[in-house]
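J.: got a predicted model here, sequence first, then my questions.
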Amino acid sequence: MKKIMVLIGVLGLILMIALSAAAQSTTMIGGSIRFAPGATSQVISGRLDGGVAVRYEFYAAANQSATITLNSDTNAAVLGVKTLKGQVLLSLDARSATFGMPLPVSGGYELLVYNPGQMATNFSFLLSIPPISTKPGQTAIPANPYYPVPGSWQYRLGGTIQFAKGETMTEIAGTSAGGTCTRYDFYAGNDYLLLATVSSDNNRVNLGLSDNTGTLYVSNANQFGTIRQILSKATKYNLDVCNPDAAATGFRLTFVIPVRVRFAPNTNSAQLAGAVRANGVVSYTAYASAGQTMTVRLQSGTTQPNAFLRISGIDDGVVYQDHTAKLTNWSGVLPRRQDYLIEVVSFQQATNYSLSIQIY
């Protein structure tokens, strides 16, 4: 077993170094990490006795995204990160070997590598801090969800995002000071889809996504104003709204997590029910393959429909049926394998509805 663990650790180190061929490699037990001129990353290696931690320092500017990946022979070594003023960004108690997030302040940071095991271990980590991009905001995805006319913006600077009962979307407005990030957190399950879009007065505010273990999914350095991300585990996630400009600016964040449609074993359809507010939208996602047929039926209101269907593709961004057609049924042969976004859109009044989805 020991030989297997050592082999796994060595393979991990080889893979990490191969992936970071441009990074400078240094053996160093503690001290200040400084990149070579023009470099944005460095591989540091060393050896730790059991129950011992080694301390490094590095320096970065606010909003730069730092990512750290640690490997060790025993797979036991973990990371801790905090500012030199004591703000904890990743606790050793999290027992994480990865870290990634936009850094909150300009200045020094403390990086700890700790071996909680009894056996000594060799370790190696890659620290990467790319420069802040000056590219204009861009869309990362072709997904094309419908967002209703703003009328229910909540003014909120950070905190936990929670949907009202039965809803799948929230709209948040705020003001972002120059050179800062505003962090929102939310809980989501495995295989759920996140759709988040930010707009701002200066056209520069962008989004970043990480989770509470320090895993970075989307860096603010990419300058994305839109995120589409399949969430890979049930945990708490962090959504950072960042303003790279020097001056403060207003922003508006639309945040959607559709309900994932799942069929019971040996069936090809689902019956769903809910309520949608006036001028609101409730979103669902269903996964299907090319050549399959999807049929969707919506019922609402007593004498005439109060809600209508909008069907679009997540990967291709194609709108197969728009809600403005005011139709309540749709059926078609699906052109590609992807998630399909099924939206229930109301107009003048709130309504209860029932929704039937069949894929065969």
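T.: That came through, no problem.
J.: quick one: low-confidence ranges for the stretch 1-150 of the chain?
T.: Confidence mapping of the stretch 1-150 of the chain against pLDDT under 70 gives the ranges 1-25, 131-150.
J.: in this structure, which spans are helices?
T.: 2-19 (DSSP state H).
J.: break it into its domains for me.
T.: The record assigns the chain these domain ranges, following automatic domain parsing: 2-128, 138-257, 260-359.
J.: using CSV, lay out those domains together with mean neighbour count.
T.: For the C-beta atoms, the positions are set from N, CA and C on the backbone; glycine is no exception. Putting the domains of the chain into CSV (neighbours: other CB atoms under 10 Å) gives the following:
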stretch, mean neighbour count
domain 2-128, 17
domain 138-257, 18
domain 260-359, 16
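J.: middle-most residue in this protein, spatially?
T.: Closest to where the C-alpha atoms of the chain average out (CA atoms, centre = their mean) is Leu209, at 3.6 Å.
J.: that residue touches Tyr237, doesn't it?
T.: Yes - in this structure, Leu209 is within contact of Tyr237 by CB atoms under 8 Å, at 6.5 Å.
J.: overlap in contacts of these two?
T.: For the pair Leu209 and Tyr237, residues contacting each of them under the criterion CB atoms under 8 Å, 6 or more residues apart in numbering are Leu194.
J.: the residue lying closest to Pro130 once chain neighbours are set aside and Gln87, how far apart?
T.: Ranked by CB to CB, 6 or more residues apart in numbering and with sequence neighbours excluded, the top spatial neighbour of Pro130 is Thr40, at 4.9 Å. Using CB to CB, to the nearest Å, Thr40 is found at 23 Å from Gln87.
J.: go on, Asn329?
T.: According to CB to CB, Asn329 stands 54 Å off from Gln87.
J.: same thing with Val281?
T.: On the measure of CB to CB, Val281 and Gln87 end up 38 Å apart.
J.: equivalent analysis for Ser210, please.
T.: Separation of Ser210 from Gln87 (CB to CB): 16 Å.
J.: got it, and Ser269?
T.: As judged by CB to CB, Ser269 and Gln87 stand 51 Å apart.
J.: cool, and Asp211?
T.: 18 Å.
J.: what of Val344?
T.: Counting by CB to CB, the gap from Val344 to Gln87 is 43 Å.
J.: ok, what's across the strand from Phe186?
T.: Here Phe186 sits in beta bridges with Tyr237, going by DSSP bridges.
J.: show the contacting residues for it.
T.: When contacts are counted by CB under 8 Å, 6+ apart, Phe186 is found next to Thr160, Ile161, Gln162, Lys236, Tyr237, Leu239, Phe255, Ile257.
J.: ok, which pair from those is furthest apart?
T.: Lys236 and Phe255 (14.6 Å; CB to CB).
J.: isn't Thr197 right next to Thr226, touching?
T.: Yes - counting by CB under 8 Å, Thr226 is a contact partner of Thr197 at 4.8 Å.
J.: quick one: the residue located most distally from the centre of the chain from Thr351, how far?
T.: In the chain, the greatest distance from the average C-alpha position (CA atoms, centre = their mean) is reached by Thr303, at 42.2 Å. Distance, Thr303 to Thr351, by CB to CB: 12 Å.
J.: what of Met101?
T.: The spacing between Met101 and Thr351, counted by CB to CB, is 41 Å.
J.: then Gln304?
T.: Taking CB to CB, one finds Gln304 at 11 Å from Thr351.
J.: Ala66 too?
T.: As for Ala66, its distance to Thr351 is 48 Å (criterion: CB to CB).
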